[in-house]
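**Q** let me see the structure of the following:
(chains A and B)
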Number of protein chains: 2
Amino acid sequence: MGSKGLLIVISGPSGTGKGTVCRKLLKECKDLHLSVSVTTRQPRPGEIDGKSYFFVDKEKFMEMKERNQFLEYAEVYGNYYGTPKEYVLNMLNSGRDVLLEIDIQGALQVKETFRDGVFIFVVPPSMEELKNRIIKRGSETQETFKTRFNSAFNELEYCVQYNYVVINDSVVKACEKIKAIITAERCKVRRNMDLFAALRGGMQKT
Amino acid sequence: MGSKGLLIVISGPSGTGKGTVCRKLLKECKDLHLSVSVTTRQPRPGEIDGKSYFFVDKEKFMEMKERNQFLEYAEVYGNYYGTPKEYVLNMLNSGRDVLLEIDIQGALQVKETFRDGVFIFVVPPSMEELKNRIIKRGSETQETFKTRFNSAFNELEYCVQYNYVVINDSVVKACEKIKAIITAERCKVRRNMDLFAALRGGMQKT
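**A** Numbering: from 1, shown residues only, chains lettered A, B, ... in the order given. As a prediction, this is how the structure comes out:
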């Protein structure tokens, strides 16, 4: 266990800016590896296949799902998203820390398999601020705005399933907190049992 | 719960340098308050009554013990040490974070009362290094050296009772880790339930 990597799951209501936080985190922490998701949604301008997502069609996605190749998967606004299981397990087993940025449904599925993961819930500083952020995204119609806002409101209930909550009042501050959480988790006694064995093994009593 | 302060308990085998780590930590974190212990041992040069310790005689200590005024107390090498309960509770209830630097016996007693405390176990980088540090303290006879070293060796077993382990390979690094642990603990979901209530209370669904 001690030599295995940490699975860091960053999630939270939609529109809290967790994507921006994760991008900054990955830039600053070179020993943190992003897990790339598989999706059936269309690439947005600038998104790169294999880096932003693995873009697949619905048929391919369903085939992977049937073969139990996802750690979690979900349908969000008509599109499918999934985390490729083997890819994440290989990274963790080789001792690398893996970052998952996923929605709440996905995070809860991951928690069923990986209770030892580090589950971080990102929230906006206020619901008023969340409203502004959803509106600023621009591409929303009044109908999708309503769906997103009400969904975000309801999703706050899931906070109790997480280990940590980080307020995204500023991206810099939120990143600093997540970095502190990662450092702290690496210091957890149960993740360091091999250290004690090494200490005691290295020297006999006098 | 959310508005209450954190109880940070720093402990570990004797000779691991936890005193030095705590002094640096207190210098850098102005919002961290040291709990001053009561002791029957003689003041060392430079120690100030009410700041380093509350120095009392054995009679007074036993009186306090009988009145259940200690959060924990212990006899170490023939001297008594205790943490005054009311003093710590008052600070925590007023929302201040309190640092306790105590031996392992004391930490385990505190844990019985404060399961919600943050228990940090400081260890030397190696037992060889611990040996050198105990010898460097100078004032030790061969007999007290043996007692200290064997006791430190046996005390490693208590690590499982703690939440975190911090290797004191350098005081700077150890302090950074403890600061990260404090930041992370403040982000724990169960310590922030009032935040979620405030978020949901601040805005109705649309």
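**Q** only C-alpha atoms from now on, for both contacts and neighbour counts.
**A** Fine.
**Q** Provide the secondary structure category for residue A:157.
**A** helix (DSSP: H, G, I helix; E, B strand; the rest coil).
**Q** so what's the residue count around it?
**A** 13 (other C-alpha atoms under 10 Å in any protein chain shown).
**Q** likewise for residue A:109?
**A** Should you count by other C-alpha under 10 Å, residue A:109 turns out to have 14 residues around it.
**Q** before we move on, what about the one 3 residues further on?
**A** Using other C-alpha under 10 Å, residue A:112 is surrounded by 12 other residues.
**Q** where's it, which helix or strand?
**A** Counting by DSSP states H and E, the element that carries residue A:112 is helix A:104-113.
**Q** what's the answer for residue A:27, then?
**A** Per DSSP H and E: helix A:18-28 holds residue A:27.
**Q** so what touches that helix?
**A** A:10-12, A:32-34, A:101, A:122, A:168, A:171, A:174-175, A:179 (C-alpha atoms under 8 Å, 6 or more residues apart in numbering or on different chains).
**Q** run the chain-centre distance for it.
**A** Here the centre of helix A:18-28 is set off from its chain's centre by 11 Å, with C-alpha atoms, centre = their mean, to the nearest Å.
**Q** in its sheet, what does whichever helix or strand comes after that helix sit against?
**A** For helix A:18-28, the following helix or strand on the C-terminal side (DSSP H and E) is strand A:32-34. As defined by DSSP bridges, the strand partners of strand A:32-34 come to strand A:97-101 (parallel).
**Q** can you give me the buried ones in the strand it pairs with?
**A** A:97, A:98, A:99, A:100, A:101 (16 or more other C-alpha atoms under 10 Å in any protein chain shown).
**Q** next one: stretch A:76-86
**A** Applying 16+ other C-alpha under 10 Å to stretch A:76-86 flags A:80, A:81, A:82, A:83, A:84, A:85 as buried.
**Q** narrow the residues you listed to those in strands?
**A** A:80, A:81, A:82, A:83, A:84 (DSSP state E).
**Q** export the residues you listed to CSV and append columns for distance to chain B.
**A** Converted to CSV, those look like this (distance: C-alpha to the nearest C-alpha, whole Å):
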residue, distance to chain B
A:80, 26
A:81, 27
A:82, 26
A:83, 25
A:84, 28
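**Q** between those, which has the least confident prediction?
**A** The lowest pLDDT within these belongs to residue A:81, which sits at 90.
**Q** may I have the phi/psi pair for the nearest residue to that one once chain neighbours are set aside?
**A** Spatially, and ignoring its direct neighbours in sequence, residue A:81 is nearest to residue A:39 (4.4 Å; C-alpha to C-alpha, 6 or more residues apart in numbering or on different chains). Note on residue A:39: backbone dihedrals following degrees, to the nearest 10 are phi -140, psi 150.
**Q** near chain B, which residues of chain A?
**A** A:125-128, A:146, A:149-150, A:153, A:156, A:159-160, A:162-166, A:177-178, A:180-181, A:183-184, A:187-190, A:192, A:196, A:199-200, A:202-203, A:205-206 (C-alpha under 8 Å from any C-alpha of the partner chain).
**Q** perfect, that will be all.
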